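Participant: Got a sequence here, can you model it:
(chains A and B)
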Amino acid sequence: MKTTLIIRRGSAQEAASHARFDVPFAPGQTLLDGLRWIRSHIDPTLSFRYSCINANACKECMMVIDGSVDYACTTRLHEGEMSVSPLPNKALIGDLVTEIAPPDERLVQRSRKSKT
Amino acid sequence: MHLETDVLVIGSGGAGMYAALEAAKAGSSVILADRSLVGRGGATVMAMMTVAVALGAQCPDHWENHLADTLAAGYGLCDEHLSAILCEDAPTRILEMDAWKVGWAREDGHIKQAHAPGHDRPRCVYVDFLRTGPAVSKTLRTQVIGVPEIRRIGDLMIVDIALADGVACGATALDLQTGNPVTISAKAVVIATGGLTRMYRRNSASLNMGGDGYALALRAGAQLVDMEFVQFFPIGHLAPRLVGLDPIMWDPFRYKLGGTLLNGNMEEFEQRYATDAGRNDGKYILTRDLATYAITKEVEAGRGSPAGGAYLSFRHVPEADLRRAFGPVIDTLAANGIDLAQRPIEVSPIAHYHMGGVCVDTQFETRVPNLFACGEAVGGANGANRLSGNGITECLVFGARAGLNAAQVARRAPQLWKPAAAAPALDLLARRRQSRDLNPAALVTTLQDIMTDKVGPFRTAEKLDAALAAIDDLTVAIGDAPVAGNTSFDTVLIDWLDLRNMLLVARSVVLAARLRTESRGAHQREDFPGLDPAWLFNQVLTLGDSGLELAKVPVARPTKAAAEARA
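Facilitator: Next up, the predicted model:
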């Protein structure tokens, strides 16, 4: 099976751009599987947060998937197109990575300008 | 950017958070650094069930009984001083966690203790339902947040320990958000980075468990011990695809509900291996190493399940009992299309834990002054095979001890920091380059394939030689200068720095496994079956000028006089 992931790329300083990636998958595979596949097969610069892989324990991989906020690790890939973008209400760092740590857990404790 | 603190703790799993708490309690300022989010990454949050402790709440117990089981599971290789600390301190830590409202499961007014494989009695506490790790993480995180002396910093990856005349004096780090270097001066440094299971294709850990702490320790001049002993958890989830749960989740199901392992022909086979190994205790439980062996041998004999493992069936358990025992987990399973009352699932061994690690003394200090280690990052306490339930226990106990000792060192040590201490790591980061030809993410998966296929639970000289050659090739491929993408949150650079660590650590595992020409615990040599009493030694690794050097050392055991004095 095949899906096309349309991913919002770039940092807060850059104009928004969208990249399309064709990703093969087996039924049951998740968006996180697809994103990791892109990194090892097509573009290692694609960035997104995750730690626990598929256990939904670390809660780091939250993003906007087909218009709704969800976890990449528990959202299944489907055929056709899937749109993926960073959380809109958090400061953007790059690609799908946003500032989700509490303010007092940041190296620089001033808040960044959010750009959505 | 430059930061200054008394104690730097690297890693914010259970061990790191406990170390930070104890160090702050003893009067130190602390930086708690994590490459991910504080208290979210690492292995602790993934733990699903048991924590071993001789509380005596379920039935009478004493920590020396816990110690006896720990030493028996370790096949003679445990550093008995560390094992004794693990078992003796456990009740204090578990009760402190209870006072902090972690929520240990209770029964008839007392903390409930379950009977896990390898224990002589019910000894393991837990939090329902499969919430042990998240509850432990959350509880410690709440404590840490309440201590102003602890500065928490996420998205900070430690590149190397900084040294002043051979003494640890801080670290050089990478701010993952900007890619800028950060230097940290500290009077004492605690490595709490967990294990190395990310080096394997199928693992039950997190992205962060690539063995960074082992590489940091080696390059700083510390030693590693028992690196050949990687524990495989026998019944990791294999099929159908399951998300939203840790793949090691089936163990608690088995403790509570039984659960039957079947081969591809739907035949039970565990008893057969238990009998063969002379370990049939009539309780239908194999230790992890034996169960891994049994499943692998069934698959090799052509009796595997369709996905290449074994079936695990709960069809004998009434649906109401399933729901009572696991409540919301049953719904998560249903969302994955799994109905245990109807169909068995498939399981197979999965990389789970590393017995080996950084060599420390009973103060949890390495041979590098002012450099400490704790938690899974420490080697020795579990010998050749870890007893189930000792993972979280050691992270709490060793974390607390290391944090306290680091604070005591920090109290009397001067700040030894000088800019030259960070120069080698800063120079490395400054040499980063872009390369279209190298995909570090792809090379990480290549390394995972090598380790899984050649350095899994069953090894031969031929496979280990092939692994070493492949690791050599990868080491040449990544080169000496970091490859970077020069993007915000530079995942290319992160992967390159991880590979630098992982390749050194993979080499440590392979070299130690190659020399150990016997089968013991988690290290099984198909070309050298069975225990060889001549190998009742630990192997210690040092990074010298000409690369990794190995030495055989006697197992650390208390002297008879010390044991009698204790009694």
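
Participant: Make sure B:Ser305 is actually in contact with B:Tyr311.
Facilitator: Yes. The pair B:Ser305 / B:Tyr311 is scored as a contact, 5.1 Å apart, by Cβ atoms under 8 Å. (Glycine included, C-beta is placed from N, CA and C.)

Participant: what residues are shared contacts of those two?
Facilitator: Shared contacts of B:Ser305 and B:Tyr311, defined by Cβ atoms under 8 Å, 6 or more residues apart in numbering or on different chains, comprise B:Asn263, B:Gly264, B:Glu346.

Participant: between those, which is nearest B:Asp89?
Facilitator: Checking these against B:Asp89 with Cβ to Cβ, the nearest one is B:Glu346 at 39.0 Å.

Participant: Isn't the closest one up against B:Ala239?
Facilitator: Yes. Because the distance of 4.2 Å satisfies Cβ under 8 Å, B:Glu346 is recorded as touching B:Ala239.

Participant: the more surrounded of those two?
Facilitator: B:Glu346 (20 against 17; other Cβ atoms under 10 Å in any protein chain shown).

Participant: what helix or strand does that one sit in?
Facilitator: Under the criterion of DSSP states H and E, B:Glu346 resides in strand B:345-354.

Participant: list the helices and strands that strand packs on?
Facilitator: Secondary-structure packing of strand B:345-354 (3 or more Cβ pairs under 8 Å, 6 or more residues apart in numbering or on different chains; DSSP states H and E): strand B:230-239, helix B:288-300, strand B:310-313.

Participant: Recalculate using a threshold of 10 Å.
Facilitator: On a contact count with 3 or more Cβ pairs under 10 Å, 6 or more residues apart in numbering or on different chains; DSSP states H and E, strand B:345-354 meets strand B:230-239, helix B:250-257, helix B:288-300, strand B:310-313, helix B:390-412, helix B:440-454.

Participant: could you say what helices and strands the first one packs with?
Facilitator: Using 3+ Cβ pairs under 10 Å, 6+ apart as the contact test, the elements touching strand B:230-239 are helix B:250-257, helix B:288-300, strand B:310-313, strand B:345-354.

Participant: does B:Ala421 count as helix, strand or coil?
Facilitator: helix (DSSP: H, G, I helix; E, B strand; the rest coil).

Participant: where's it relative to B:Ala413, distance?
Facilitator: 14 Å (Cβ to Cβ, to the nearest Å).

Participant: again, but for B:Ser305
Facilitator: Taken as Cβ to Cβ, the span from B:Ser305 to B:Ala413 is 56 Å.

Participant: Setting aside sequence neighbours, what's the nearest residue to the residue of the stretch 351-500 of chain B at minimum distance from chain A?
Facilitator: Residue of the stretch 351-500 of chain B nearest chain A, by Cβ to the nearest Cβ: B:Ser488 (3.2 Å). Ranked by Cβ to Cβ, 6 or more residues apart in numbering or on different chains and with sequence neighbours excluded, the top spatial neighbour of B:Ser488 is A:Gly94, at 3.2 Å.

Participant: Contact partners for the residue in the stretch 151-300 of chain B that chain A sits nearest to?
Facilitator: The nearest approach of the stretch 151-300 of chain B to chain A comes at B:Arg241, 3.1 Å away (Cβ to the nearest Cβ). Residues near B:Arg241 by Cβ atoms under 10 Å, 6 or more residues apart in numbering or on different chains: A:Ala26, A:Pro27, A:Gly28, A:Gln29, A:Thr30, A:Asp33, A:Asn54, A:Arg76, B:Ala307, B:Asn336, B:Gly337, B:Ile338.

Participant: if we can go back for a sec, residues near the residue of the stretch 351-500 of chain B closest to chain A, how many?
Facilitator: Neighbour tally, B:Ser488, other Cβ under 10 Å: 20.

Participant: Isn't it up against A:Leu96?
Facilitator: No. Using Cβ atoms under 10 Å as the test, B:Ser488 is too far from A:Leu96 to be in contact (11.3 Å).

Participant: Between those two, which contacts overlap?
Facilitator: A:Ser47.

Participant: got TSV for the contacts of B:Arg241, with distance to B:Ala220 too?
Facilitator: Formatted as TSV, the contacts of B:Arg241 follow (distance: Cβ to Cβ, whole Å):
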residue	distance to B:Ala220
A:Ala26	43
A:Pro27	47
A:Gly28	43
A:Gln29	40
A:Thr30	38
A:Asp33	36
A:Asn54	34
A:Arg76	44
B:Ala307	42
B:Asn336	44
B:Gly337	48
B:Ile338	46
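
Participant: Could you find the lowest-pLDDT member of the residues you listed?
Facilitator: Taking the contacts of B:Arg241 together, the minimum pLDDT is found at A:Asn54 (85).

Participant: Domain ranges for chain B, per the record?
Facilitator: With domains defined by automatic domain parsing, chain B comprises B:235-349, B:428-539+B:546-554.

Participant: ok, so what distance separates the residue of the stretch 151-300 of chain B closest to chain A from A:Ala26?
Facilitator: 8 Å.

Participant: Check B:Leu541 too.
Facilitator: For B:Leu541 relative to A:Ala26 (Cβ to Cβ), the value is 40 Å.

Participant: what's the answer for B:His523, then?
Facilitator: 34 Å.

Participant: Looking at those two, which one has more neighbours?
Facilitator: Using other Cβ under 10 Å as the criterion, B:His523 and A:Ala26 rank with B:His523 on top: 28 against 9.
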